[in-house]
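Novice: turn this into a model:
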Amino acid sequence: MSLDRMIFVFAGFVVLTGLLLSQLYSPWWLLLPAFAGVNMIQAAFTGFCPAAMVFKKLGAKPGKAFD
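Specialist: Sure thing, here's the model as predicted:
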């Protein structure tokens with residue numbers, strides 16, 4: 001699986017986890033998907049993604065978006 005796909009899967013997992021936790025425990029968990037969204041927007045403009053750095057160190061194959 002390429003780095004780009006791993007990032008998309010991770011972002012989707014974070015969003016869905018935040019939504020689930022907000023329904024089960026507290027609406028404050030909605031800050032988690034909000035953070036993921038803000039991070040995706042800033043990554044689109046800057047090319048800097050902390051999750052991409054972590055996945056690269058774990059040996060993910062490079063994709064086209066996060067070189």
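Novice: regarding this protein, what is its longest helix?
Specialist: Determined from DSSP state H, the single longest helix within the chain is helix 3-24.
Novice: can you name the residues in contact with whatever helix or strand residue 31 lives in?
Specialist: Element membership of residue 31, judged by DSSP states H and E, is helix 31-46. The list of residues contacting helix 31-46 from outside it, by C-beta atoms under 8 Å, 6 or more residues apart in numbering, reads 11, 14-15, 17-19, 21, 48-52, 66. Every residue, glycine included, has its C-beta placed from N, CA and C.
Novice: related to what we said a few turns ago, list of residues touching the longest helix of the chain?
Specialist: Under the criterion C-beta under 8 Å, 6+ apart, residues 1, 28-34, 36-37, 39-40, 49, 51-52, 55-56, 60-66 lie in contact with helix 3-24.
Novice: repeat that for stretch 48-63.
Specialist: Counting contacts by C-beta under 8 Å, 6+ apart, the residues outside stretch 48-63 that touch it are 1-7, 10-11, 39, 42-43, 66.
Novice: list the buried residues for it?
Specialist: Taking 16 or more other C-beta atoms under 10 Å as the basis for neighbour counts, the residues of stretch 48-63 that come out buried are 49, 51, 52, 55, 56, 60, 63.
Novice: do stretch 16-30 as well
Specialist: Of the residues in stretch 16-30, those buried by neighbour count under the rule 16+ other C-beta under 10 Å are 18, 21, 22, 29.
Novice: and that stretch, how far out from the chain's middle?
Specialist: Centroid displacement of stretch 16-30 relative to its chain, using C-alpha atoms, centre = their mean, to the nearest Å, is 16 Å.
Novice: what do you get for stretch 44-59?
Specialist: Per C-alpha atoms, centre = their mean, the centroid offset for stretch 44-59 relative to its chain is 10 Å.
Novice: then stretch 15-28?
Specialist: Between the mean C-alpha position of stretch 15-28 and that of its chain there is a distance of 16 Å (C-alpha atoms, centre = their mean).
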